[in-house]
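Enquirer: Need the 3D shape of this:
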Amino acid sequence: VWNKLDTKARLKLELAGMPYDERQLIDRLIAVHNLDGQRKEIRKLARAAILLRTKKSSEAKIPLGATKIGGRPDLPSQSKWPSYRDGKPLAFLAQINLAEIAKLGMPIKGLPSKGLLSVFSVWGWMNEADGDPHTPDDHTGLCQQENDWTVVLNTPLRSKLERRKTPLGVIAFRAAAGEPTPIL
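Expert: You can find the predicted model right below:
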């Protein structure tokens, strides 16, 4: 079977069998792709990150305040649903339980270790039959991203959360449980 595999497939098998050590993995990839001259720059750019792996689930099975993508957000009852400057509600994309990230033991500079981050954006303004987002029209014919197109709410740890209904006219994406996974 090994002889029938192309070079890329062999590399994937080799890398999958290696113990997970970032420095060794980077060194192996640098060697495979003949990037020895850029080793210093690659090491400078490579850094720890978190991948949110999704697991099929239903909204009802995802605990209040857990990491998830899509569905209905868990927000404090007194908080307002984020909206664009024209008042149109933003679409809920994801929420991240920061304690789940902290448990991984890999601190990310500037990221709090407690609370809940909730991400809302105009990029969720879609029609069911249309895969393209309907971004705000600035009446110039140009589509330029603005700072207020995405809002990230940081809800403190001790806040009492409730699962909020999506406002009318905003697409609610199907909920998927999120599993934070360290990556490089």
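Enquirer: What residues sit buried inside stretch 149-158?
Expert: Applying a neighbour-count criterion of 16 or more other Cβ atoms under 10 Å, one finds Trp149, Thr150, Val151, Leu153, Thr155 buried in stretch 149-158. Yep, even glycine has a C-beta here, placed from its N, CA and C like the rest.
Enquirer: what are the bridge partners for the spatially closest residue to Lys160 that is not a sequence neighbour, then?
Expert: Computed as Cβ to Cβ, 6 or more residues apart in numbering, the closest residue to Lys160 that is not its neighbour in sequence is Pro76, at 6.4 Å. Pro76 has these beta-bridge partners by DSSP bridges: Leu161.
Enquirer: Okay, now stretch 84-94: how far is its last residue from its first?
Expert: End-to-end distance of stretch 84-94 (Cα to Cα, to the nearest Å): 17 Å.
Enquirer: Isn't Leu117 up against Leu153?
Expert: Yes. Between Leu117 and Leu153 there is a contact under Cβ atoms under 8 Å: 7.1 Å.
Enquirer: hmm, back to that, now do the residue nearest to Lys160: how many residues are near it, please.
Expert: A count of nearby residues for Pro76, using other Cβ atoms under 10 Å, gives 14.
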